[in-house]
Each structure stands twice: as C-alpha cells, then as structure tokens.
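In: quick one, what's the 3D model for this:
(chains A and B)
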2 protein chains.
Amino acid sequence: MASTSSMAISQALLPRAVSRQASNPSANRVSVSSRSLLDFSGLKSTNSASIAAPSRRSRPLRARRGVVRASVAETVDKTTETSLIEKSVNTIRFLAIDAVEKANSGHPGLPMGCAPMGHVLYDEVMRYNPKNPYWFNRDRFVLSAGHGCMLQYALLHLAGYDSVKEEDLKSFRQWESKTPGHPENFETPGVEVTTGPLGQGIANAVGLALAEKHLAARFNKPDNEIVDHYTYAIVGDGCQMEGIANEACSLAGHWGLGKLIAFYDDNHISIDGDTEIAFTESVERRFEGLGWHVIWVKNGNTGYDEIRAAIREAKAVKDKPTLIKVTTTIGYGSPNKANSYSVHGSALGAKEVDATRQNLGWPHEPFHVPEDVKKHWSRHTPEGAALEAEWNTKFAEYEKKYAEEAAELKSIISGELPAGWEKALPTYTPESPADATRNLSQQNLNALAKVLPGFLGGSADLASSNMTLLKSFGNFQKDTPEERNLRFGVREHGMGAICNGIVLHSPGLIPYCATFFVFTDYMRAAIRISALSEAGVIYVMTHDSIGLGEDGPTHQPIEHLASFRAMPNILMLRPADGNETAGAYKVAILNRKRPSILALSRQKLPNLPGTSIERVEKGGYIVSDNSSGNKPDVILIGTGSELEIAAKAAEELRKEGKAVRLVSFVSWELFDDQSDAYKESVLPAAVSARVSIEAGTTFGWEKIVGSKGKAIGIDRFGASAPAGKIYKEFGLTVEAVIAAAKQVS
Amino acid sequence: MASTSSMAISQALLPRAVSRQASNPSANRVSVSSRSLLDFSGLKSTNSASIAAPSRRSRPLRARRGVVRASVAETVDKTTETSLIEKSVNTIRFLAIDAVEKANSGHPGLPMGCAPMGHVLYDEVMRYNPKNPYWFNRDRFVLSAGHGCMLQYALLHLAGYDSVKEEDLKSFRQWESKTPGHPENFETPGVEVTTGPLGQGIANAVGLALAEKHLAARFNKPDNEIVDHYTYAIVGDGCQMEGIANEACSLAGHWGLGKLIAFYDDNHISIDGDTEIAFTESVERRFEGLGWHVIWVKNGNTGYDEIRAAIREAKAVKDKPTLIKVTTTIGYGSPNKANSYSVHGSALGAKEVDATRQNLGWPHEPFHVPEDVKKHWSRHTPEGAALEAEWNTKFAEYEKKYAEEAAELKSIISGELPAGWEKALPTYTPESPADATRNLSQQNLNALAKVLPGFLGGSADLASSNMTLLKSFGNFQKDTPEERNLRFGVREHGMGAICNGIVLHSPGLIPYCATFFVFTDYMRAAIRISALSEAGVIYVMTHDSIGLGEDGPTHQPIEHLASFRAMPNILMLRPADGNETAGAYKVAILNRKRPSILALSRQKLPNLPGTSIERVEKGGYIVSDNSSGNKPDVILIGTGSELEIAAKAAEELRKEGKAVRLVSFVSWELFDDQSDAYKESVLPAAVSARVSIEAGTTFGWEKIVGSKGKAIGIDRFGASAPAGKIYKEFGLTVEAVIAAAKQVS
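Out: Purely as a prediction, here's the structure:
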C-alpha cells in the first residue's frame, strides 16, 4: 500500500492526528531512520566538546538484507539551564539508573526512554491521590512492560506515594523491599497489577477499563457521573509480540473501550537485538484491524507537546481504545549504550553512568531529586486529596439522591459482601435429580448474581457447554456495558488476564471465567498471576476428565488437578455433587485474595448422602463411615465424579462386613489448612489402608494414601470413546476400588 | 475508513485478487448479508415443493444493535443431475453427517461448509501418495479447526488412504478406532499433526512450511529441486481468535513463508453463536499487517472456480504466506440448522439428516460413496505412486551428483542418527570450572549442531539469556532460510507449536526451543501436544528456580517441575552439572517420540564427582556412598542446582560418621522406567530415612522420600532479592539438609 494513500485516508478520518506511521514496513524503516535528524529542542549545548559520538553497533541482519538505518544513539547536548520538565524527566531517568546501578541488577533502558511519557502521565494527566492509592475513582496505570518498573517506582516516589520512599529506591530488588524486580500490586501500593510476564499487563488494563465502563454504565446518572476514570498502559515490543496481547486488544476494540489509552514504547529493541530480527509486522495496521484508534508520536524522547496532543486526541475518541505508538530510544541519554539491547536488562556500569551524567548534564549525586523538581511534584499531595474530597462530596450527593444504587456501588467499592448472601446458595438432598456439576454450577452462578452486585463473568466461547450464562442479564457489549455476561470469544489467556484486571479494579467485583478444564493450559500464565497477585478470580472449568468422552485426549485433562495443587495460593476444588458445588462456590466467594478453580463434570452425577456446603470448607471430610473409634479397616477417598464410584465400593465392602470410611477430598489446600487434630480425625495415622480414586494422574496422591495405600488414577493420555467405555478400559471402576481395598487392608 | 477507498487501494496493490473484503466491520456485515442473494449455480431444482424454508433464529445481540443480516440457511435446490464434483462434495458432506449421526457425537457443521475447499485441495491441488502417507515430498495439510475432523477422514477415505476405510468411518469416535474425535497423527496415517485445541494447527503449519523452506534452501540445486511442497491449512474463527495463531502468523509473515496457504473458514459462527458476539475485528487487515497476502473467496459453498483461482494466485505470491478467506455456511445443506451454532458440535438428528438428504438431493444410504465418485477418486492411488516414483528417480539423480548432500538429506528423511553422534557430547571432570548449566547447555547445542544435520532451534527473544545461539550458523530469515538459528521473538506459545510442526515434518529434524522455565506457562498447551503427538521437541528452559534472583516471583518457577512430572509422555530433566547436562541432551536426542524439557540454572554450579552421561539415562542414581550392604543411615536426594547442597551435607554427615548415600534424581520418568531391582539398589525399601532437596514445590516428593522422609523445597511463591539471600531465607541450605537428615535417621 502506498504510504501516501494510507496517510491521506487516516488523516481524513482522524483530522486531529498528531502524526501517523505509514503501514508499509519499509516506509516504517525510512521514517524511523529520520529520527536521527530530529531536533532536540529545549536542550542547549554549553560545551560542544562533550558531545559523545554516536555509537555504532554491528547489525549483521540488517546489513545482510541491505537495509540501512542510521544509528540513533540520541546523544544529547549538555545544558546548564534545562527546563523544569526536562529536569523532572532526567530525575526519573537517574533514579532508575541509580537504583539499577546500586542493585547491580535491573532494566534501565525502558525508564530512560519512557520517562517523558511517564512524566506527562503522572504529572499532567492522571488523577490520583498519592496518600490513598486505593481511592476508587483514580485513573489506573499499568506498566505492561513490567521489567521497566523503576520508571513506575520513580514516578510513585515523585508523586508522593508513601510506598516508595528514597530508602525504598535504594533497596531496589532487595529482600523484603517495596521495590521488587517487577511491579507487584501486593507489595507496593500504587501498583495496580503484577506485571513482568509480557502481555499480561495490557490484558489487565483491558479488564480495568472494562470494569470502569461497566460500573459507569450501571451507576452513572445524567446529573452525577460518579464513575469516571481512564486506564493507561505502557506496552513494549515484547508485549506486542505476545498472543495474549492480541487477544485482549481484539476484545478491547470489540467492546469499544474508549477510556483505555495504551502507549506503545516503540524502541525497536528487544533482548535479542533489533526487533527487525523477529518483528517486522505493522503494529498500526494490526491495531486498526482490531478496531483501535492509532496515533503515532514520532519523537517520544523530547516531544512533550506531541505526547500531550496524542492524549488529548485519544480522550476525544470515545468509542474506541487508542494505541499511541511512541517512538523512543531505549536507554536515552546513554552515549554508548542507548538504542542497543545492552541497556535493556543490566546496569549501565559506573563508567557509562558517568558518561550519561555528563551527556544529560546531570551533576547530582545518586538518588538526588532537585529541590525545584520536588517542589513541582509536591502539589500532587494536596491536589490528590482535593480530588478525592471532591469525589466524596459527589458521592454524598449521589447517595442522597440514589440511595439504592449508592449502597450497591459502596459494596463494590468496599468489597463487603451483603449480609446473608450465602443463603442464596442452592442445597440438595440425595433425592434431588442427578445432574452434571457444570449444570449445578450454573444454578449457583445465577443464584449468586442475584445477591452479589459485583458478580459478573463468562466463557471463552463455550457458554452453552460450560453453562455459565446469567439468565437475568444480557451480554456486556459496546452498547450494553451495564450487562454482566462477558463473551470472551476463543481467547482463554486474554480472558484470565482480563479477569485479573476486573477483580483488582475494586474489591467487590467478583469475576468468573470459564473454558474446558484442559484449556487451563492456554491461560496458565494468567492463572498463576491471579494466585501470585492475590486476585480472587473464579475459574469455572468444566469437562474435567475423561468423563467428557468422545472429544478424546486433546480435550481430556489428566495432569491438570495435580498441576494446580502444586501451585501456591490457589484453591483447586473438585466438587462431587450439588452440595459440594455450592460449597465450592461459597469458598470461592469468600476467598477474595486466593483464586479458585472449580473442576466440574460434563456427565451427570448423583447427589450423595453426607455431603454439605459446610463440610466442603474443610477440604477433606468423612462422607460416611461404619467404623468406630477412628479405626476403619480401610479408608476410601474420592474426588468429584469418582466419589460416586468410591461410595458404591464402600457400600459393597460394608455388605461384606468391612468397616469402611468414605472421604471426599474436594480441596487439598483447604484440608492442609485444617488443624492436625482435624486431619487425624479424617485420616488417622494408624490407618494405612487407604485407596483413592480420581480420574486424573496419581501424581501427588502418595501424600494422601501413603506408601502402603493405593491410588487409582490415569497415568497416560486419554482416549476418544464414549465416557463409560473409557472409565472401564482405564480401570476406574467400583470393582477396581474393591480389589484395591482388599489388597491394602 | 471508507470501505470504498480501502477496496480501491487493495485492488490496486493486488490486481489479481479474486475478491476482497472491505475492512470496515459494518461493510463486512453488508457484504455478508449479500450472500443470501448469491446464485447457487450448477444446482437445478427439480421439485420446487421440496425447497425448505430458510430457518429463522433469534439473534438477540444483533437485533439489539439494530444490525440486520439476512438469515442464510442455504437451502439448496434438489437436483437429479448434479455434476460429479458436486456429487463428490456431497459425498464428503454425508460421510461426515452419517459418521457423526452414528456416533451421536461430533461436529458436522465444518465438514458440510468446507467440503468444497476440501475437495479442491485433495482432488485437484495437493500432491500426495495415499499408499505412503510418509512420502517425504508430499504436500502437508493441517486441519487447524480440528473438531471438523470428519472432513479430513472423509477426504483421506476418498483419496485411498488405508488408514480410513469404511469401517473406520463407521467407528468414528469409538474405542481404539482410527478416527478419533479430533485428528491425531499417532492414530491415523495421513494426519500430519494433532489438532483440536484451537490455534495449534495453524502454528504447526507454520512449522511445516518453515521446515520445507529450510530444507529447500539447504538442499535444492539449480538443476534439481528435491524439496518442493506446499503446506495447506484450514483455520476457523476460533483459531483466528487464539493468540497463538497471531504469534505464529506474525512469524510466518516475517519469514516470508510463501508456500504456506491457509484457508480461513469464515462462517461467522462459533459455539456461542454469531461471531458478532465477540469477534468483530477485521481479520484481513490484521493479516495484511502481519505481512500476509490476503484473498477473499466470497462464495465458498459452491464457488469452485473462485477457490481454484485463489489457490493459483496464492502460489504465484512467493514471498508471503497467503490467507484465503473463504466465506462459507456452517452446516451447508441442512435446511433448519445451517448457519447456526446448533450444527457446530452435535449430530443433526435423524429428522434433520433426512431433511438435508432431501435438500441436497442425496437419496443414498448412510456411508454410501457413489460408484462414479469412487472411480473419480481412484486415480489418486496410481497417480500418487507415480508422483513418489518420479521423486525417487529425481532423488537417485540427486544422489549421484550430490552425494554428500544426499546423505545428509537422507538422514533427515529417515531420522537415522549419524553413527557415533553421541561422541560429540562434551564431558567434564570435577576439575572443570564451575558453570551455569545454561552455559553448559550451549556447549552441547553447538556440539550437536555439528553432528546432527537436522538440528536447529532458538529462543523466544532470550537467546543471550538462554544461551541458545549456534555459533557456526546464522539466523534463519526470509532471505537466509538455510541457517539454523531460529528467532521466535517473544512468542513462546507459537514457538512451541512451530517446533511441533518442524519435528513432525521429518523424523530427522530435531528442533529445540527456549525461554525462561517459568514461561512454559505461556506455551503449556503446545508442550502438551508435543507429549501427546509424540513430537520429540527439546525444550531448553533456563532460569529454573529462585536461583535467578532479583527478577522475583513472576520469573521464579515453583510448581513447574511437578507440573511436568505429572504430564504423560514427557521427560522432565534437571541436570546438576556438565556431565548431567550432556546426559540430558543424549536422552533428549534419543527420545524422538517423547519430548524433553531441560531445566537449567542461571547460576554457576560445580562439576561434581560421580556424575556421568550414562548415569543420567537411569533417571536416578547413586552419586556417592560410604555405606555398605545397601543400608545407608540416610539417603540424601537432590536435583539440579541443589545436588551441590546435598553433596556438601553428605560430606559433613560423613565426617560425623554417618553412612550417607547421595542420589541424583535428574529425571523421575527415566527412573520409573527402570527395573524394580535397579530401583531397590538406589532407594532400598528398608531405608526410610530419606531427605530430598529441590528449589521447587515439595508436591509429589512423598513418592520418593516416603511418609517418614523429609522433602525440603519451596511451597510458596518466590521473592525478589539476590539468589543467595533467597536460598538462605527459604531454608534451602546445607544446614537444613543436615538437620533434616538427623531428624529422620
């Protein structure tokens, strides 16, 4: 496509565009080359002799392909009289440089390149209260390129957040510091989400923006827009390459999240070198395809006005999210390392730090914040307090006029669950009809949606299989954002990370999301971040075993239960029937800082005598027992769909005169949390005759059944056939449990 | 953007385009609506009374948004005299319908809609030999939308593959049949790769096309193009939504894989209903951004000439992969279910099958293949044999003229490893300098690349951290495809699936790929398919524990070792030093049907006395021992970087007079494969005093240490700090091992 045509069309459509990149990759290279010709206005040389020579690195790939691009080492003239803004920007750069240098570990390149956009955002654009990082109506910021966290720490420090004081900057990446190697929401107030694994942050940002759009649609009134904030993100080349980012951004475009503004730090460098080596797509064209508004800031290093204009333009586009591609120089200011991968992920080294100080005219000690910069930023403390106070007044007015809505919004903001919510959970008796736990799950979802104002969610294009539709609500869509059924499409990874964003937006938002259990493999990185970042997402995972039958081994989980039992801070729940499913939901709702995964059956299961909501909370419990004195002949242990098999085996064995205890092991983690006395009451140490049955790997079961017990399970991949046939062929039968019980007891 | 402008530009650029979709979503809707006006030429009505009425389904979303799209139930006039091609296409449709009906399970919708493109591909375009599905130079076909497998089975059946006979079609989705619920390469010769989990297949296809391009560049001569085939794929809307597909397609565009031709089955229906619900991006514009050539076939239901012309055009574009968007009707021919999600994933039901037979004029019994259709397809058996014979002649000529290259190519085709290859593996002594196993890994990679002609691979933008560069080779790039360093960018999931495609292209291609161990979470779905589909990819996973230090918990694996030990048919290897690293590579190279994961350290480790390449092959073995009679006082067990700690503890304990056995447990799976006698010789049942240490979860270790032993590990997330500090704080120390040993013995 001729770049001129593209420009013409874009400009016709987007008359206020600051600038725009031609979408042809070769045009792209040409325009980037011209970066070196840019005039760094505002910085005046006082000592021409000190201008460092542009560095030249060998670029074998480009040379081979005959593409010439000027080396842009961004050697900046020194100045004695820089403007306050440039001083502030350099403060950010040197706080990053100094902290990485002190730790001798970290990523100085991004903060040095992104300091200008960071400055504009935190000093000029964003609305926040540094003394209350949790103020509800704050603008959200996500550093998706999380390795550049010193940018965020420096900004939080300047903005007056108590979480990042000078001593915190000095203990960057040290044991128990508030400034860990990647941004962690649970360590550093002011950090919204945990980033580092690339692509997660932009997907979190989509979730944050979704939450805002949803709450605004539900609660705003013509005379009182009580929910009204933006979500900003900085994404790097690495994020842009990750599939999760494309998934989430496709949804952001589909949903028309107009208050999501993402800065793409286009620095042409990733760890392996120039992005030319593996990343030559047209990001702009892709994002246009995804339904985003795209703006290009050509000079991200010093083009403050361009950055400001781009943000203004982005805010004016209300029906689309905006990607502001900001061309920057990684490691800007470092005479010998700028624009190279060597500045990405390690300290500059004392010599280069000195050279950079020289080059940027920064005579100060490490960690120094000049007085005028300090003073300039100090206004954010009173201003932030005023913003919050103003909003509080607004909320008081809202409350007076719209009492019911205010109460609901309040509970979403505070996370306080409505009194008696758990009474909504359905209960069952053995006479209730047999049903698949995925169907029972849907009864719970619908019951909970009625009593929990912040409950919303959906499936990755499997709503009718996962049984996740909320019947009293419509679909959350661009024009119906007040609704609560989220339609994620076949985008599991994006779904998980979007839910992390939703749950971390407000304590009372409780998102659930769903797919087949086996496809947790697609979203495992997002689930791990739920666990790590204390994001209480509820993962509704159906078709939880070979019990799904004909779809075969690609669809049948085997190792998945074990793989999540091994993951820290997550609850893996596998309910056996109606009461256990309700119990699992009770646990999931109560655990707001520990995500839950519910493994649910496709096939029908009977309601068993002895199960209850309360017992689920113990993780493992006695379902039935005909022994006395805590000395059964044998303990049979089942989970989920196999508890029925264990129950039948127990019945048979009791008929033969055995004292048999039947134990449900719905959640290993919850059982682990119980007292030793309780554990002994369920699994007495003296009884080594134990048999477990579970339609999954036996890996890990030695912990429960002991070395003298027997674990019945599946240590191979599944098979395509009707479910009953596979159970039989794989030996997951009542007969097998009976035989094992006789063998061990 | 005005759709007319877009059209004009596109047409100017791609003059030979058959047709092209406007990129504006609303324009998209308009053009799709016009589908119902299309003339289904070639099918003539003989009984107007039998024309079924178009079905009308409620479309709440679209109705709400005021978008009107005609219902296109594709009611087709009956005919007594259809052309042979239409007959063949209907044969494919009804084989799918009948097989799904008989199984009462499966996905008829895709085969019914994609039968025309399937027919053109297998009957007119593709070069293959049905009697030798493994003929090296065959065209490859991947059904990325694997749920539509009956399409592929029907085509393989008609084409004369022995793997899919009539009885196989009749046992679709049954126990031990050759026609499982999703395509599985290890079950059905003729199926290249295992698909079903969406997006994997198109990424596999990128790998297959990469393999062809690489081998062609290495072995073709001006007078003898011995490697020369295409790779075709069919992807659905679901695949298009998956992030992995975007990752792989971005690379395909970057690499200019001109012989990759993907058909996008644009049927506007996914499981949750109309794609409008969650998928409104412009796929064409995205793919143009990714550097693909894009063609639109508007009438995929009956437009055979359009399909043929699109393939011709795609073949003519040699420097870009091509996406042929083919607009089809899911369930084409079913009067009441076509164009709805109800035809996606379940049997039509007897009544609708009858109605479809009526509608398409198909009076035959289930599974019937008309004689003229049979006869028409029967030519593929002699033609395929001739194609292979012709190629064999060509290869004989090649061999005569280019003996050395021919020998190398032969070994890639056969998978036979060069004699004595393992002698290239480096060995170490305790005097060799301490080194990180990631560095030792690189020595192995470079040694192996010298002796294994099919060895190639790379990293997801971490080559200099994973230490994966092959020093004697350049980068595989668009214009240097003969090289062997693959640069995947930050695209872990795509990387894994691309490697699955490479390894399944030819038995002698041995790809490795790399990232940080924790980011296996991003690619777990692809790794699982390596394991399931017997694809011997080598996963080089560095930074394998908290030993990476400052990057913190997002980057520190905890549960990952356990999560892979729980996965069937995969080897999880965690070498402790140089010899063990070489041993791990020996195992990985030898296991061509079982993928290997190597967990490697960032930090330096000493070379320990007692390790060796051969011993690694046992999985667990005695490193040192001062006991006699197989009765040590205590057994200390370590893996990877913690073997050193266990060794030091052993030394201390021996000084105190204890009889201590030190065991390395480099691979649990390999140890499991050993005889009971061997296992007893390493871990005697009588010795319950056992202590393990591993910088990962203790989950699963009860199996090794028993209920009286003690597992030292990490059952929480990591932390950001220097590695030594974390080890100490987490209690992974010599002192802790000594204390535990005293406690248990």
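
In: so which bits of the stretch 101-250 of chain A are right by chain B?
Out: Neighbours of chain B within the stretch 101-250 of chain A, by C-beta under 8 Å from any C-beta of the partner chain: A:103, A:105-106, A:146, A:173-177, A:180-182, A:184, A:194-199, A:237-239, A:241-247, A:250. No exception for glycine: its C-beta is placed from N, CA and C like everyone else's.

In: for residue A:264, see how far away residue A:327 is.
Out: 9 Å (C-beta to C-beta, to the nearest Å).

In: kindly report the same for residue A:417.
Out: 39 Å.

In: likewise for residue A:703?
Out: 47 Å.

In: tell me which of the two has more neighbours.
Out: Taking neighbours as other C-beta atoms under 10 Å in any protein chain shown, residue A:703 and residue A:264 compare with residue A:264 leading, 29 against 18.

In: show the pLDDT at that one.
Out: Looking at residue A:264, its pLDDT is 98.

In: double-check that it belongs to a strand.
Out: Yes: assigned with DSSP: H, G, I helix; E, B strand; the rest coil, residue A:264 falls within a strand.

In: count the residues that sit near residue A:378.
Out: Neighbours of residue A:378 (other C-beta under 10 Å): 13.

In: what of residue A:656?
Out: Residue A:656: 10 neighbours (other C-beta under 10 Å).

In: repeat for residue A:654
Out: Neighbours around residue A:654, by other C-beta under 10 Å: 17.

In: how close does it get to residue A:739?
Out: Look at residue A:654 and residue A:739: by C-beta to C-beta, they are 16 Å apart.

In: one more: residue A:219?
Out: 61 Å.

In: just give me the residue closest to the centre of chain A.
Out: residue A:497 (3.7 Å; C-alpha atoms, centre = their mean).

In: now do the same contact list for the residue of the stretch 151-300 of chain A found nearest chain B.
Out: When distances are taken as C-beta to the nearest C-beta, the stretch 151-300 of chain A reaches nearest to chain B at residue A:243, 2.1 Å away. By C-beta atoms under 8 Å, 6 or more residues apart in numbering or on different chains, the contact list for residue A:243 reads A:199, A:493, B:242, B:243, B:244, B:245, B:246, B:247, B:491, B:493, B:494.

In: of the residues you listed, closest to residue A:313?
Out: residue A:199 (25.4 Å; C-beta to C-beta).

In: please look at residue A:366 and residue A:103 and confirm they touch.
Out: No: the pair residue A:366 and residue A:103 fails to qualify as a contact (C-beta atoms under 8 Å) at a distance of 11.8 Å.

In: which of these two has more residues huddled nearby?
Out: A side-by-side neighbour count of residue A:366 and residue A:103, using other C-beta under 10 Å, places residue A:103 first with 22 against 15.

In: wouldn't that one be in contact with residue A:177 here?
Out: No: contact criterion C-beta under 8 Å: residue A:103 and residue A:177 do not qualify, at 9.4 Å.

In: can you read off the pLDDT for the closest residue to residue A:422 other than its chain neighbours?
Out: Setting aside the residues directly before and after it, residue A:422 is nearest to residue A:586 in space (C-beta to C-beta, 6 or more residues apart in numbering or on different chains), at 5.6 Å. pLDDT for residue A:586: 98.

In: my guess is residue A:586 contacts residue A:423, does it?
Out: No: assessed by C-beta under 8 Å, residue A:586 is found out of contact with residue A:423, at 10.6 Å.

In: residue of the stretch 401-550 of chain A nearest chain B, please.
Out: residue A:489 (3.5 Å).

In: so that residue is in which element?
Out: Using DSSP states H and E, residue A:489 is not contained in any helix or strand.

In: again with residue A:438
Out: helix A:437-451.

In: do the same with residue A:654
Out: Using DSSP H and E, residue A:654 falls within helix A:643-655.

In: buried set for that helix?
Out: Neighbour-count burial for helix A:643-655, counted by 16 or more other C-beta atoms under 10 Å in any protein chain shown, picks out A:643, A:644, A:645, A:646, A:647, A:648, A:649, A:650, A:652, A:653, A:654.

In: let me know the closest of those to chain B.
Out: residue A:645 (19.5 Å).

In: the closest one contacts residue A:638, correct?
Out: Yes: the criterion here is C-beta under 8 Å, and residue A:645 meets it with residue A:638 at 6.5 Å.

In: okay, and the common contacts of those two?
Out: Common neighbours of residue A:645 and residue A:638 (C-beta under 8 Å, 6+ apart) are residue A:693.

In: grab the nearest non-local neighbour of the residue of the stretch 401-550 of chain A closest to chain B.
Out: Nearest to residue A:489 is residue B:278, by C-beta to C-beta, 6+ apart, at 3.5 Å.

In: and the one you found, how many neighbours?
Out: For residue B:278, using other C-beta under 10 Å, the count is 28.

In: run through the residues that contact the nearest residue to residue A:366 once chain neighbours are set aside.
Out: Distance criterion C-beta to C-beta, 6+ apart; nearest residue to residue A:366, sequence neighbours excluded, is residue A:98 at 3.9 Å. For residue A:98, the contact set (C-beta under 8 Å, 6+ apart) comprises A:169, A:353, A:366, A:367.

In: brilliant, that's me finished.
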